[in-house]
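A.B. asks: Kindly return the folded structure for what I paste below:
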Amino acid sequence: MIQAFAFYLFATLVIASGVLTILARNPVHSVLWLILAFFNAAGLFLILGAEFIAMLLVIVYVGAVAVLFLFVVMMLDVDFAELRAGVAKYWPFATILAIVLLAEIAFALAAWKSGTIAGARAAPVTADVPNIEALGRVLYTRYLYIFEAAGLVLLVAMIGAIVLTHRTRSGLRPQNVSSQIRRRPEDAVVNLQPGVGQGVEL
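C.D. replies: Take a look at the predicted model:
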């Protein structure tokens with residue numbers, strides 16, 4: 001009874017916060033509604049017993065992605081009236097894309113209800129093994145090389161971002177730390193006593 005009540009509560013809040021994310025006129029409010037949707041989705045995953053995915057939603061999506069969206073929206077000076085006017089031109093394409101996605105979802109649901117895929121088999125995991133432990137066993141044994149390759153791709157992307165940030169650019173005055181340290185106060189400050197009505201010549 002409590003699980004059913006929690007399920008309907010979290011599901012209702014997920015749908016409501018998702019709708020408000022789309023309909024909110026203030027982009028900051030949209031991000032806050034999105035964070036609420038992530039929290040309620042994490043509650044649904046906890047009810048299903050998938051605590052690892054629930055923690056991923058809270059730590060990765062709420063703690064990193066949504067907060068990053070919030071800071072970007074608050075710091076950038078975006079003309080949202082012009083942005084909405086530009087989005088209005090793409091309504092026909094967006095409608096076609098939405099219809100295609102709904103058709104794919106309906107096809108996937110029909111295929112799922114028709115039965116298991118031929119040749120597919122369930123993972124031999126007993127009920128007393130937590131899903132985090134079972135996921136770790138599969139990830140670090142069967143899919144170890146794929147996991148390491150994904151980490152290597154992320155490492156290359158991080159190194160590329162650092163190299164692009166610190167690349168040498170023409171037309172810029174680089175910082176000379178040694179000259180700044182050797183600079184004396186009398187070289188930087190000039191004490192002048194101009195007369196009345198006279199300006200200062202630099």
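A.B. asks: Averaged pLDDT, the host helix or strand of W33. What do you get?
C.D. replies: Assessed by DSSP states H and E, W33 sits inside helix 27-48. Helix 27-48 shows a mean pLDDT of 87.
A.B. asks: just stretch 3-12 next, same as before
C.D. replies: Stretch 3-12 carries an average pLDDT of 87.
A.B. asks: remind me which residues of the protein are low pLDDT?
C.D. replies: 76-87, 115-127, 169, 200-202 (pLDDT under 70).
A.B. asks: mind listing the helices for it?
C.D. replies: Assigned by DSSP state H, the chain shows helices spanning 2-23, 27-48, 51-56, 67-75, 80-87, 91-113, 131-139, 144-165, 177-182, 185-188.
A.B. asks: Same list as before, those helices that is, but in JSON lines and with mean neighbour count and distance to V196 included.
C.D. replies: (Glycine included, C-beta is placed from N, CA and C.) Output for the helices of the chain, formatted as JSON lines (neighbours: other CB atoms under 10 Å; distance: least, CB to CB, whole Å):
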{"stretch": "helix 2-23", "mean neighbour count": "13", "distance to V196": "65"}
{"stretch": "helix 27-48", "mean neighbour count": "19", "distance to V196": "54"}
{"stretch": "helix 51-56", "mean neighbour count": "16", "distance to V196": "72"}
{"stretch": "helix 67-75", "mean neighbour count": "13", "distance to V196": "47"}
{"stretch": "helix 80-87", "mean neighbour count": "10", "distance to V196": "53"}
{"stretch": "helix 91-113", "mean neighbour count": "10", "distance to V196": "69"}
{"stretch": "helix 131-139", "mean neighbour count": "13", "distance to V196": "80"}
{"stretch": "helix 144-165", "mean neighbour count": "10", "distance to V196": "52"}
{"stretch": "helix 177-182", "mean neighbour count": "8", "distance to V196": "37"}
{"stretch": "helix 185-188", "mean neighbour count": "7", "distance to V196": "26"}
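A.B. asks: Run the chain-centre distance for stretch 14-32.
C.D. replies: Mean C-alpha position of stretch 14-32 versus that of the full chain (CA atoms, centre = their mean, to the nearest Å) differs by 16 Å.
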